[in-house]
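Novice: I'd like to go over a predicted model; first the sequence, then the structure.
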Amino acid sequence: MDSSRGGAPAAHDQALAFGDSQSATTEMTAGRTDLSAAQAPRSRPARIRVRRLDGGDLFPASGISDATVRIDELARHGVSARGILILSNEAVFDALPELPRAIAFLGSSSQLAALRELPWLTGRRIHYWADIDTAGFSQLDQLRASLPQTASVLMDAWTLWSHREQWTRELMPSRHVLPHLTVAESVVYADLVSDTLAPSVRLRQESIDESTVLRELARALR
């Protein structure tokens with residue numbers, strides 16, 4: 001009776017089956033390797049959120065007034081605007097009042113620094129608004145290093161002092177030298193750093209009364 005028929009497979013059959021398994025495993029592993037290479041992390045293009053404050057279209061006939069856009073694509077498609085506002089606080093950004101022919105950018109410090117890649121911002125009037133604390137002035141200083149025409153709004157001594165009942169404490173104040181501040185901004189920053197007014201003073205954007213916000217933003221972005 002032929003032992004290669006019926007019972008256990010012959011040795012050469014077993015070897016062949018094992019070899020096929022190895023071949024399949026090798027092909028699967030190679031496939032995973034190719035896929036991993038295709039999915040290897042690449043540097044992500046910088047993106048930033050931009051919004052028209054009059055509710056109009058960001059781009060002609062787009063029907064979109066608020067979008068997160070790649071910086072390199074935004075560089076090729078300028079946005080028509082008379083006033084430009086920059087913020088880092090999403091809640092404040094979403095609550096901005098309607099302002100004619102104005103746009104607002106929202107982003108982190110690194111995202112905002114990337115705005116220098118937008119050629120259509122060259123020479124344009126730009127305003128930055130942040131909390132009145134040492135972190136807010138540090139962010140303003142960083143932004144102005146990239147966009148030197150940037151002016152601050154609602155970050156002045158009058159706004160700070162007239163809202164003194166709304167002051168809170170900044171948890172981790174900084175004491176860095178900020179070479180890009182104006183003289184008036186440097187005076188406010190020095191008062192914050194030295195605790196002249198009170199320890200670690202902070203005035204949050206959300207704490208400024210609505211009438212002041214409307215008046216000063218309309219004046220800055222007109």
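Specialist: Now that the structure is in, tell me what you want to look at.

Novice: contacting residues around the closest residue to A184 other than its chain neighbours?
Specialist: Once flanking residues are discounted, A184 sits nearest to D156: 6.6 Å by CB to CB, 6 or more residues apart in numbering. Quick note: C-beta positions are derived from backbone N, CA and C, even for glycine. Taking CB atoms under 8 Å, 6 or more residues apart in numbering, we find D156 in contact with A184, E185, V188.

Novice: Name only those of the residues you listed that count as buried.
Specialist: Using 16 or more other CB atoms under 10 Å as the burial test, the contacts of D156 include E185, V188 as buried.

Novice: ok, the contacts of D156 vs W167, which is closest?
Specialist: W167 lies nearest to V188 out of the contacts of D156, by CB to CB, at 13.1 Å.

Novice: Dump the one helix or strand the closest one maps to to PDB, restricted to CA.
Specialist: According to DSSP states H and E, V188 maps onto helix 183-194. In PDB, the C-alpha atoms belonging to helix 183-194 read as follows (Å, rounded to 0.1, in the frame of the first residue of the first chain):
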ATOM      1  CA  VAL A 183       6.800 102.400  24.300                       C
ATOM      2  CA  ALA A 184       3.200 102.400  25.500                       C
ATOM      3  CA  GLU A 185       3.000  98.600  25.500                       C
ATOM      4  CA  SER A 186       6.400  98.300  27.300                       C
ATOM      5  CA  VAL A 187       5.100 100.500  30.100                       C
ATOM      6  CA  VAL A 188       2.000  98.200  30.600                       C
ATOM      7  CA  TYR A 189       4.200  95.100  30.400                       C
ATOM      8  CA  ALA A 190       6.700  96.500  32.900                       C
ATOM      9  CA  ASP A 191       3.800  97.200  35.300                       C
ATOM     10  CA  LEU A 192       2.700  93.500  35.000                       C
ATOM     11  CA  VAL A 193       6.200  92.100  35.400                       C
ATOM     12  CA  SER A 194       7.000  94.300  38.500                       C
END
